[in-house]
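Chemist: Show me the folded form of this:
(4 chains)
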Protein chains: 2
Amino acid sequence: MQDNLSRTFAALADPTRRAILAQLSRGEATVSDLAQPFLKNMSLPAVTKHLKVLEKAGLVSKGRHAQWRPCTLNTEPLRDAVGWMEQYRIAWEEQLDRLDAYLQTKTKGTHHDL
Amino acid sequence: MQDNLSRTFAALADPTRRAILAQLSRGEATVSDLAQPFLKNMSLPAVTKHLKVLEKAGLVSKGRHAQWRPCTLNTEPLRDAVGWMEQYRIAWEEQLDRLDAYLQTKTKGTHHDL
DNA sequence: CTATTATTTAACTTAGCAGTTAATTATCTA
DNA sequence: TAGATAATTAACTGCTAAGTTAAATAATAG
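Modeler: This is a model prediction of the structure:
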């Protein structure tokens, strides 16, 4: 996976990783804090691996404090991803307009107007 | 890959597929239209597969016109993806604020103010 | 029916991801 | 130093994704 944008989207393409980011958006957390909600379903090394994917995408930074590794959210890649999607805003607003127009012509011929 | 959001992000995690979407945002195109920019680097079946990934994510719809399959962009999954990211807007605006504050304290002590 | 164009499917290879358990490293505390 | 806690690394498995070439299907045109 060559480029940053691909790495970011790939990192987001997993519900566990998205949940980790959601948790980090509420503040710093250690690896075991982050792992705790998942330990019924997966092992700690699995969470470590997910964090590594998020780190490589630049979405998470890991610090050191004694034996803990406090993690923080880094939003810059998210901004880049949204930025890439913004280029489609025109296209999707057109689609909403078409839907709008369609719904209007649809109601025009029925008894539901008014 | 269970859920729609994961499928959408996974579909976006490839530069070829993003380029296909970019082309479709400029209007309807057939499979060979879409494939043409890539045929130096990959085969036509490879493009067919990429399109299938985009279809399964709901990002592309394929019609029929004689032997051609005209493809169109479907932006709804993109809206969902942006919607998911919006929940981090608060977090990332805080980051911008912190950066801002940092830059201000940094300039305060230098000769660069004014 | 045959040939041509557009696209897909089949069968296969290669590589990487997500998970596991067991062992290792890092750090603090007694 | 020994033991406990936090986290990572190693080695392995199973699955899926991305690409290939060759064959099959869909539709048109002669």
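
Chemist: Where do the helices of chain A begin and end?
Modeler: Counting by DSSP state H, chain A has these helices, from start to end: A:4-12, A:15-24, A:31-35, A:44-56, A:76-86, A:89-108.

Chemist: Which positions in chain A make contact with DNA strand C?
Modeler: Residues of chain A lying close to DNA strand C by C-beta under 7 Å from any atom of the strand are A:1, A:10, A:13-14, A:16, A:41-43, A:45-46, A:49-50, A:53, A:64, A:66-67. The C-beta positions use only the backbone N, C-alpha and C, and glycine is treated the same way.

Chemist: Kindly recompute the last result at 10 Å.
Modeler: Taking C-beta under 10 Å from any atom of the strand as the criterion, the neighbours of DNA strand C within chain A are A:1, A:6-7, A:10-11, A:13-17, A:38-50, A:52-54, A:56, A:64-69.

Chemist: Now, of these, which are buried?
Modeler: Applying 16 or more other C-beta atoms under 10 Å in any protein chain shown to those, the neighbour count classes A:6-7, A:10-11, A:13-14, A:16-17, A:38, A:47, A:50, A:53-54, A:69 as buried.

Chemist: With distance to B:L34 and pLDDT added, can I get those residues in CSV?
Modeler: As requested, those are arranged in CSV below (distance: C-beta to C-beta, whole Å; pLDDT from 0 to 100):
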residue, distance to B:L34, pLDDT
A:S6, 19, 97
A:R7, 24, 97
A:A10, 22, 98
A:A11, 26, 98
A:A13, 22, 97
A:D14, 28, 97
A:T16, 33, 98
A:R17, 30, 98
A:F38, 39, 97
A:V47, 39, 98
A:H50, 33, 98
A:V53, 30, 97
A:L54, 32, 98
A:R69, 44, 97
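
Chemist: Output those residues as a markdown table; include the columns distance to DNA strand D.
Modeler: Rendered in a markdown table, the data for those read as follows (distance: C-beta to the nearest atom of the strand, whole Å):
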| residue | distance to DNA strand D |
| --- | --- |
| A:S6 | 9 |
| A:R7 | 13 |
| A:A10 | 9 |
| A:A11 | 14 |
| A:A13 | 10 |
| A:D14 | 12 |
| A:T16 | 14 |
| A:R17 | 14 |
| A:F38 | 13 |
| A:V47 | 7 |
| A:H50 | 10 |
| A:V53 | 12 |
| A:L54 | 11 |
| A:R69 | 4 |
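
Chemist: contacting residues for A:T8?
Modeler: When contacts are counted by C-beta atoms under 8 Å, 6 or more residues apart in numbering or on different chains, A:T8 is found next to A:57-59, A:77-78, A:80-81, B:13.

Chemist: So for it, what's the nearest residue that isn't a sequence neighbour?
Modeler: Sequence neighbours aside, A:P77 is the residue nearest to A:T8 in space, at 4.3 Å (criterion: C-beta to C-beta, 6 or more residues apart in numbering or on different chains).

Chemist: got a list of what that neighbour touches?
Modeler: A:P77 touches A:4, A:7-8, A:11, A:57-59, counting by C-beta under 8 Å, 6+ apart.

Chemist: Does stretch A:44-61 reach chain B?
Modeler: No. Under the criterion of C-beta under 8 Å from any C-beta of the partner chain, stretch A:44-61 makes no contact with chain B; the nearest approach is 9.9 Å.

Chemist: Do I have it right that A:G58 meets A:T75?
Modeler: No. Taking C-beta atoms under 8 Å as the contact criterion, A:G58 and A:T75 are not neighbours in contact, 9.8 Å apart.

Chemist: Can you find the helix or strand in chain A with the smallest mean pLDDT?
Modeler: Using mean pLDDT, DSSP states H and E, the weakest-scoring helix or strand in chain A turns out to be helix A:89-108, at a mean of 68.
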